[in-house]
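In: after the sequence you'll find the predicted model.
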Amino acid sequence: TMTHFTALLLISFVLIVALFHDATAISDDCLRCICTVESGCRDLPCHMDVGSEACGAYQIHMAYYQDCGMPGKQPGDSVVTAWKRCTQNMSCATTCVRNYMARYGAHCQANPTCETFARIHNYGPMGCRNPGSIGYWHKVQSCCSGKHC
C-alpha cells in the first residue's frame, strides 16, 4: 500500500544519509575557527614557524601538505611548488586540512571533536596527546563559542 511504500522510502532515505554522513569529519565551524586562530583567515605569505615554513590561511607546513595527500599537485610540479600554490588557494588548503583530519582524527579517539582536530592541526598526528597543544585549543575554543564546533 501507499503507507508501506512511503515508510520504505523514508527508511531508505535515512539509511542513505547515514551512509554518506561522516560523523568523524571536521565541522565547517571548527575549520573556520582554526583558520581564524592561524591567520584571521587571511592568505598569509609563507614565513618561518617553529623551524620550517608555514603558508596560507591555515599556516600549513610542507610535511602537513604531504600528509594530506598533496591536493592540487599537477604532473611535473615539485612538492614545494604544489604546496605553496595549494596553501594560497582557500579551497585547496581547506581540502588539505579536511584530508589531514580524516587521516589522523581517529588516532586519538573514535569520534574526534573539534578539540582533537585543533590539537592535531597544531601539533601533528598525536597532538591531541601533547599537553603543549592545550593552549592552542583554548584559542580555537573561544572562537567556537556559540557555533557548531
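Out: All right, it came through fine. Everything numeric in this text was worked out from a predicted model, so none of it was measured.

In: any idea how far Pro71 is from Gln88?
Out: 13 Å (Cβ to Cβ, to the nearest Å). For the C-beta atoms, the positions are set from N, CA and C on the backbone; glycine is no exception.

In: so Met48 lies in a strand, does it not?
Out: Yes: using DSSP: H, G, I helix; E, B strand; the rest coil, the assignment for Met48 is a strand.

In: how about it: what's its closest non-neighbour residue?
Out: Once flanking residues are discounted, Met48 sits nearest to Ala54: 7.9 Å by Cβ to Cβ, 6 or more residues apart in numbering.

In: that neighbour in helix, strand or coil?
Out: Following three-state DSSP, Ala54 is assigned to strand.

In: Arg119 too?
Out: Following three-state DSSP, the label given to Arg119 is helix.

In: that one and Gly135 touch, don't they?
Out: No: counting by Cβ atoms under 8 Å, Arg119 sits too far from Gly135 to count as a contact (10.0 Å).

In: hmm, Ser39 and the residue nearest to Met48 touching each other?
Out: No: counting by Cβ under 8 Å, Ala54 does not reach Ser39; the two are 9.5 Å apart.

In: could you measure from the nearest residue to Gln59 once chain neighbours are set aside over to Lys139?
Out: Spatial nearest neighbour of Gln59, excluding adjacent residues (Cβ to Cβ, 6+ apart): Glu38 at 4.4 Å. From Glu38 across to Lys139, the span is 10 Å (Cβ to Cβ).

In: Tyr58 now?
Out: Using Cβ to Cβ, one obtains 14 Å as the distance from Tyr58 to Lys139.

In: neighbour count for Glu38 and Lys139, which is higher?
Out: More neighbours sit around Glu38 than around the other of Glu38 and Lys139, counting by other Cβ atoms under 10 Å; the figures are 23 against 16.

In: give me the element the more buried one is part of.
Out: Taking DSSP states H and E as the criterion, Glu38 maps to helix 28-39.

In: so for that helix, mean pLDDT?
Out: On average, the pLDDT along helix 28-39 is 97.

In: repeat that for stretch 140-149.
Out: Stretch 140-149 comes out at a mean pLDDT of 90.

In: buried ones in it?
Out: Val140, Gln141, Cys143, Cys144, Cys149 (16 or more other Cβ atoms under 10 Å).
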